[in-house]
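# next one to model:
(one chain, ligands or ions: 2)
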Amino acid sequence: MTTIPRIDARAMIARDPACMEALRHAAQDIGFMTLVNSDLTPAEVLEVIATYRAFFHLPDSAKEPVNMANTGSNRGWGAPYSEQVDPDANPDYKQVFDSGFALPTNDPMAGLTCYAPNLWPAQPAEFQRVVDGYAHRAIGVAMQTLRGIIAAVGLPEDSFDQAFTKPMALLRGNYYPQRPDTAGPRDFGIAAHTDYGCVTLLATDGVAGLEVQLRDGSWLPVQAEPGTFIINFGEMLESWTNGRIKATLHRVIGSDQERISVPLFFNPNHDTNVAPIGSGRTMLAGDHLEKRFRETYLHLSRPA
Ligand SMILES: O=C(O)CCC(=O)C(=O)O
Ligand SMILES: [Fe+2]
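Ligands and ions are numbered 1, 2, ... in the order given. Model (predicted):
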């Protein structure tokens, strides 16, 4: 039976040999792992989840001023059915709130969609402070994890560092209400997809829902308490490492229990070449990310 490797962050940072072997297995054979004992405490995770929950429980009229559908980018609130991650499924019934790594306004790249300015709601009062504070801390843990993974698969650990000085990092709150009574086989909280970037650091409120596709095509439920992170690898890391590290399909069908999850999508600088190392080809991280955004956010793929 396949189990998802459980990685102790302290052992990972110390490059403990047994931990490195488990990391290599997670990255190359499964594409998923869990991370315990990281710098981010359960209290910090519970705080950001409670803050998103308070926002999502507001009436839609309070979310409308930050509705990303009224913008040309993906910052702010994404309403139900505003994103379609699998063209063979219906748009997802989840709601989201997206915020990104902000560049100084005078940075030459500040005008790009992937660095678009954030939109913050008026309520809850502490929303921006809590969400931005969490994003900053989560970026630190994601970078530590990425370095550990790179070391585990035998690439020079600092080889990617210069690629994350202006990361196109996106923090998302996912809100899954109860699965609608009307939902059919093509309806999902989030349909099957691979993540677009390098590493995703996912916190959840502990409610079950995430399923990960194994090599034999079966779906394995993966659950973690607040403070334990679920980590998976994305399309850019798979490309960059020429398939050595795997981007694995995952989905949430949903249940009669409300659920919140908080992924940090840790993407490199816009101008990073994420084509396979040594291939001589070019695939800019920013181009890949913007292409995937246009394919999945309905307001970006079908502008009004
Ligand atoms: O909610 C989850 O457990 C997974 C969310 C997810 O896959 C995503 O937001 O990309
Ligand atoms: Fe995902």
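
# is it correct that T204 is in contact with V262?
Yes: at 7.4 Å, T204 and V262 qualify as touching, with contact defined as CB atoms under 8 Å. C-beta here means a position set from N, CA and C on the backbone, and glycine is covered the same way.

# state the mean pLDDT of stretch 104-115.
For stretch 104-115, the per-residue pLDDT values average out at 92.

# please read the previous query as pertaining to stretch 263-274.
So the average pLDDT for stretch 263-274 ends up being 97.

# show me which residues of it are buried.
263-270, 272-274 (16 or more other CB atoms under 10 Å).

# up against ligand 1, what does the chain have?
Taking CB under 6 Å from any ligand atom as the contact definition, the chain meets ligand 1 at 172, 174, 190, 195, 202, 204, 209-210, 250, 252, 261, 263.

# out of the residues you listed, who's nearest S218?
Proximity of the residues of the chain next to ligand 1 to S218 (CB to CB) peaks at H250, which lies at 12.8 Å.

# now that closest one, nearest residue through space, not along the chain?
Setting aside the residues directly before and after it, H250 is nearest to V212 in space (CB to CB, 6 or more residues apart in numbering), at 4.9 Å.

# same deal with G173?
Spatial nearest neighbour of G173, chain neighbours left out: Y52 (3.5 Å); criterion: CB to CB, 6+ apart.

# tell me which helix or strand that neighbour sits in.
Using DSSP states H and E, the secondary-structure element containing Y52 is helix 42-56.

# residue of the stretch 101-250 of the chain closest to ligand 1, please.
In the stretch 101-250 of the chain, no residue comes nearer to ligand 1 than L210, which is 3.5 Å away by CB to the nearest ligand atom.

# that older thread, just checking, the residue nearest to G173 touches Y176?
No: between Y52 and Y176 there is no contact under CB under 8 Å: 11.7 Å.

# which neighbours do those two have in common?
Common contacts of Y52 and Y176, defined by CB atoms under 8 Å, 6 or more residues apart in numbering, comprise I260.

# spatially nearest residue to D60, not counting backbone neighbours?
The shortest distance from D60 to any residue that is not its chain neighbour, by CB to CB, 6+ apart, is 7.3 Å, and that residue is A79.

# give me the phi and psi for S261.
phi -130, psi 150 (degrees, to the nearest 10).
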